[in-house]
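Participant: Below are the sequence and a predicted model; questions follow.
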Amino acid sequence: MVEAVMTALGRPFARIPLERRKQLGLLLLTVFILIFPLIHDDDADIDSMANAAAYATLALGLNIVVGFAGLLDLGYAAFFAIGAYLYGILTAYQVLPTWSGFWTPLAAVGLVEKINQGGPDLVHFTLSFWIALPLAAVVAAFFGVLFGAPTLRLRGDYLAIVTLGFGEIVPIVARNVDSVTNGAAGLNGVQAPKLFGWSFGVSATPYYYVGVALVAFLIFVSIRLRDSRIGRAWMAIREDEIAASAMGVNLVRLKLLAFAIGAAFAGMTGVFYVAKLQTATPELFGFPVSTMILVMVVLGGMGSVWGVVLGAVILQLLQSWFLKGLSNWINDFGVMVGSDWLQQVDLVRSIELIFGIILVVMMLFRRDGLIPATRKTAALTFDAQHAEVRRGGFSGLESIGTHENETGNALEVKNVVVRFGGLTALNKVNIVVPAGGVVAVIGPNGSGKSTLFNVITGLTHADEGSILFHGAEILGLQPHQIAEAGVARTFQNIRLFPNLTVLENVLVGQHTRLSTSFAGAILRLPKAKAEESRARRWALDIIALFGNRLSPRIMQQVNGLSYANRRRVEIARALATRPKILLLDEPTAGMNPAETLELAEQIKSLHALGLTILIIEHKLDVVTKLADNVIVLDHGEKIAEGLPEVVRRDDAVLTAYLGRAAREAVNAA
Amino acid sequence: MTDTDFFVQQLINGVSLGAMYSLLALGFTLVYGILELINFSHFNIFMVGSFVALGVLQAMGVFGQATVMTGFPLIGVMVVAFAATMVFCGILGVVIYRFLLRPLRHVKGPAAMITTIGVSYILLNVILLTIGADNHNFPNPLPPITFAIGGAVLRLREILIWVIATLLMGGLTFFVGYTKLGKAMRATAQDPEAARMMGVEVDRVIMTAFFIGSALAGAGGLIFGLYYNDTSSNIGFNAGLRAFTAAVLGGIGNVPGAMLGGVIIGVIEAMGGGYLATEWTDVIIFSILVLVLVVRPAGLLGRLAPNKS
Amino acid sequence: MQPDFHNPDVLLSFNDVNTHYGDLHVLKDVNYTIGRGEIVSLLGGNACGKSTTMKTIMGIVRPTTGTVLLDGKPIERLSTSDRVRLGIAPVLEARRLFPRMTVYENLEMGAYTRPKGAEFEEDLERVYSLFPRVKERRAQLGGTLSGGEQQMVAIGRALMARPRLICMDEPSMGLSPLYVEQVFDIIQEINRQGTTIFMVEQNANMALSIAHRAYVLQTGVVVLSGTAAELRENPTIKEAYLGEMQVAEAAE
């Protein structure tokens, strides 16, 4: 966006390199924002801009919940209300308990004051604006977790409805708990902020600067989070939460974190808005407000930090300036042509209609918003995508480190039974995978191979049995816990994070191996920076294993890659979890014979890292090349086990694949 | 009025409200059953329906409560009003689907639902800007005949509402259970790909669902007007949340469930309004919604569980 | 490339058909012919393109290149409902009856594209006489039947379209050996009564015991074809199933 403005400004700027241009543009924008009230002395306009700042912070907060984490919260205004009423109740003259000695120390600190309205002495809360901001953030975050928790297992549309429900209950409570909130009339006399004893008063300018500072701060926080391990985990959840979970992302914790941080932004905005307005009423909150914030996010671009700020500013300008101006113009035109109706047109009233139109038009024509969050790098042409087949397996494995050669059994599946309704998918299956070994699982369609993988990785619940991973029971654990223990997998149907780049996909794999918390991400202390750059290097090293197939495309969105390359990215992502065992589900599916051979040899070379490998594969050549031991499943049961050459000749196996001949079947029954 | 009488009165009110909510919930559940889409615009089609009905009745010369009719003219007026409103709303629903939702059929994520939020706002504001936000007195040609049940009062309009709602719901049940297109709708809701392989034109089935659902919403709007004697542009949201809760309570995608849920919610609302303050009724209804979705997502009779697969 | 003349004995043919799933090349220059009155089977192991063939015949998948001819006329651009009207009916993988509709209603859905009338009643009688169990259970909900019973209903549902060609997707999958036996007997009976059958099937032995001709598919390529007798004798069918590469290809 900034760059677009720059190029529009003409050629002298075009000679400056891109990065510099962006910085220069940002600098100019900042200067303009800072001097705006000084050069434009209209209090109403400055107030509008302060409102725009409030909108922007709300949009930024919703962007975290909806844009980053993909949780459609339609009751977001509730958190705005909570922050607003918190500050209102603790500064207005509504809640006035009777004075007692208890309050004296608090008065000394300036949190309360003693007043008298012609009766006994009363306590008037005088919470400082500056303390209220972080306090509201915390309180709102608490409610974010409270309202978000029941929605965790719901599908997207139902999550939206439940949040909508909560969002409606809050204003109703506000309207009805009269004693505290003064009901529908709202709280008046909300205290203006004070800075070193000087009160902000009624001029809009100080509020404007506070608003701008708040926006800048929250943009900073958003960007820091977005580019961190937390942001990546959120986006992984948004794209494919099952795959995210299998890569070690703790869904519950991260979703609640998104709700909490989003709510915190709204809570702070509530304090700011109500301090400026000096009144808090229930109409300020509710579905129409939540929808307006959603419109800003949709317009600007879901997930795009600058986009949603732009969306907020556009909507504010629309309401406060553009529509009014256009109405005036139409009215004047009406006077000119003598049309009564035209003279009466007031477009400002139609702002909600415009909201509706924006939502519909954006969804139909530009779902990514004005400033899309994902920078689309152009997909490479076929020639550029063509790569030479490399034989001999991975080279450069040393750079990704080795595991100590463990002994014993990496994996023991003992008598596992899985039932889906009336169907038994796995029936007392026993599998042993020795540490450092390569075991293949084969079998006809529907034999239970993928169910086996799902039950090992915790995606499917087992009805009986036990699964030991290096001696420890993993049956019953959550998928992310199992990933953390060192079990990584790929999926038969490829479950990448489609809108994320190759590099981002691989980095998500490292989620459990990194430890930067959300606070660490925001502060980005040296330790966090070092961890992030280590993670990046490691990811690039893994990607480089695939030669020039993936390295030139690290910044490309994976949904633009070829099928075979997507499979490779999935394997890279699994490797990034630093696993002790790698579960590969039909990794060569869709590859031509040459690519199949290449990948088979690459998998074999991973073996040199001390990695244990369990692979589902239906191409027996691959199995013969790779596996020490082959296990054959049919109808959920193990029917054969042994060396590839032996299994291949086993009658039971052939019958499983080719089917029983007609007459034999009846005799055997 | 004795306590029993009061209770009976609330029950009568509740069943009437329930009839209205059932019709709304049915329309909503029909579409959800096939498309798994929460259609926010449905409830403003209801609101538009009440204004269309108002217009139609006025066009036939019925104004306020002053014009009273009986016998055949009354039946004729009612039939025309219902037919016109239902056809208009049905077409409105189909147009919304055809041009605004069908292009998004294969887009994953909340895009379609967000679009319905947008359409809902557009409908609301078109009415707001043209007709205004005030309450409008709704024409009622019914003679003020009442019946006494103990100390409670049963008005003719309530009987009419029950009769019409029963007829419509009966008609829908017959359609879905016994006609070719109705069975095609059920089949499509259960397995769209298999239905397609039987030769069902899935798109046509979807448009039928939208037509019928929106027509029922329109009928609901007319009933609203008859019951409350007025209407305004903001009736959609409230009635909508109640009807939505009714659909979820009964089991989303389930036709008898929507009817059952509607009556239950209607009675709860009447009882709530009678024994508690009306504001708290909202909280109760929302709480039911949240509770059902979190504790028993499939509802009372339903099968489509809104959980992650 | 279209044949210059249409062999009247050929009911359905695939001519150099290629299909894609995104950029994944699924069917590669595939050619089949299904003769009138034949049972033709499509065999192959996992992920070879069998299901895609079914979907291409029914119209769920459109070929990227190549043509599908019914009675010599191209149908690859026609909608699914048009193809059903022209006489192609499916028996879907894992049956896929409408679970909350009765057996009778499921059969009715099979005849969706046809008007109700004398012919409908005739076909219903025919299905009931072929499957007495289905008649017994006609008021039961589809989802409550056992796998084998569902398969009977599924075949009956296809017959209700009075098709010229029935396409079956893995009729033996998930059935006990006894039911498999029965199902294949019925398939033969239907064929004897005049319906052409195209059967995608993993159970090669069973399929070859009733088919006239068969094709073997491996990763989207037809690697073997011939009469059932020929294929029963051919040992390389095992390699195709077990996914062993054709030696020539691997050397590229």
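Facilitator: Everything's here; your move.
Participant: what is the mean pLDDT for whichever strand or helix holds B:E279?
Facilitator: Assigned by DSSP states H and E, B:E279 belongs to helix B:278-295. In this model, helix B:278-295 has a mean pLDDT of 84.
Participant: counting contacts, what elements does it pack onto?
Facilitator: Judged by 3 or more C-beta pairs under 8 Å, 6 or more residues apart in numbering or on different chains; DSSP states H and E, helix B:278-295 is in contact with helix A:156-176, helix B:235-250, helix B:255-275. Quick note: C-beta positions are derived from backbone N, CA and C, even for glycine.
Participant: ok, is the second one in contact with chain C or not?
Facilitator: No: when contact is scored as C-beta under 8 Å from any C-beta of the partner chain, no part of helix B:235-250 falls within range of chain C; the minimum is 15.5 Å.
Participant: Buried residues, the helix ranked longest in chain C. List them.
Facilitator: For chain C, the helix that runs over the most residues, judged by DSSP state H, is helix C:177-192. Of the residues in helix C:177-192, C:P177, C:Y179, C:V180, C:E181, C:Q182, C:V183, C:F184, C:I186, C:I187, C:I190, C:N191 count as buried by neighbour count, 16 or more other C-beta atoms under 10 Å in any protein chain shown.
Participant: likewise stretch A:197-211?
Facilitator: So, applying 16+ other C-beta under 10 Å, buried residues of stretch A:197-211: A:F200, A:A204, A:T205, A:P206, A:Y207, A:Y208, A:Y209, A:V210, A:G211.
Participant: follow-up on the earlier one: any chance of the buried residues of helix C:177-192 in CSV, plus distance to A:A260 and pLDDT?
Facilitator: Shown next, in CSV, are the buried residues of helix C:177-192 (distance: C-beta to C-beta, whole Å; pLDDT from 0 to 100):
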residue, distance to A:A260, pLDDT
C:P177, 57, 79
C:Y179, 55, 84
C:V180, 56, 86
C:E181, 61, 86
C:Q182, 60, 88
C:V183, 57, 90
C:F184, 61, 91
C:I186, 61, 92
C:I187, 61, 93
C:I190, 63, 93
C:N191, 65, 94
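Participant: Keep only these that also lie close to chain A.
Facilitator: Applying C-beta under 8 Å from any C-beta to those, those adjacent to chain A are C:P177, C:V180, C:E181, C:F184.
Participant: What distance do you get for the last one to A:D121?
Facilitator: Taken as C-beta to C-beta, to the nearest Å, the spacing of C:F184 relative to A:D121 amounts to 96 Å.
Participant: got it, and the third one?
Facilitator: In this structure, C:E181 and A:D121 are separated by 96 Å, where distance is defined by C-beta to C-beta.
Participant: Equivalent analysis for the first one, please.
Facilitator: Distance, C:P177 to A:D121, by C-beta to C-beta: 92 Å.
Participant: now whichever strand or helix holds A:G520, how far from the centre of its chain.
Facilitator: Here A:G520 sits within helix A:518-523, counting by DSSP H and E. Distance, stretch centre to chain centre, for helix A:518-523: 16 Å (C-alpha atoms, centre = their mean, to the nearest Å).
Participant: quick one: the strands in the stretch 51-200 of chain C?
Facilitator: Per DSSP state E, counting those that start in this stretch, the stretch 51-200 of chain C carries strands over the ranges C:65-70, C:73-74, C:88-91, C:165-169, C:196-201.
Participant: Give the buried residues for the first one.
Facilitator: When you say that, I think you mean strand C:65-70. C:G66, C:T67, C:V68, C:L69, C:L70.
Participant: Could you work out the most separated pair of the residues you listed?
Facilitator: For the buried residues of strand C:65-70, the farthest-apart pair by C-beta to C-beta is C:G66 and C:L70; their separation is 14.2 Å.
Participant: returning to what we had before: could you export the helices and strands packed on helix B:278-295 as JSON lines, including mean neighbour count?
Facilitator: Converted to JSON lines, these look like this (neighbours: other C-beta atoms under 10 Å in any protein chain shown):
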{"stretch": "helix A:156-176", "mean neighbour count": "23"}
{"stretch": "helix B:235-250", "mean neighbour count": "26"}
{"stretch": "helix B:255-275", "mean neighbour count": "22"}
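Participant: Of these, which is nearest B:Y121?
Facilitator: From the helices and strands packed on helix B:278-295, taking C-beta to C-beta, the stretch that ends up closest is helix B:235-250, at 10.5 Å.
Participant: pretty sure A:P282 is in contact with A:I169, am I right?
Facilitator: No: the pair A:P282 / A:I169 is not scored as a contact, 11.8 Å apart, by C-beta atoms under 8 Å.
Participant: still on that earlier bit, could you dump the buried residues of helix C:177-192 to JSON lines with distance to A:Q481?
Facilitator: Converted to JSON lines, the buried residues of helix C:177-192 look like this (distance: C-beta to C-beta, whole Å):
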{"residue": "C:P177", "distance to A:Q481": "42"}
{"residue": "C:Y179", "distance to A:Q481": "42"}
{"residue": "C:V180", "distance to A:Q481": "42"}
{"residue": "C:E181", "distance to A:Q481": "47"}
{"residue": "C:Q182", "distance to A:Q481": "47"}
{"residue": "C:V183", "distance to A:Q481": "45"}
{"residue": "C:F184", "distance to A:Q481": "47"}
{"residue": "C:I186", "distance to A:Q481": "50"}
{"residue": "C:I187", "distance to A:Q481": "49"}
{"residue": "C:I190", "distance to A:Q481": "53"}
{"residue": "C:N191", "distance to A:Q481": "55"}
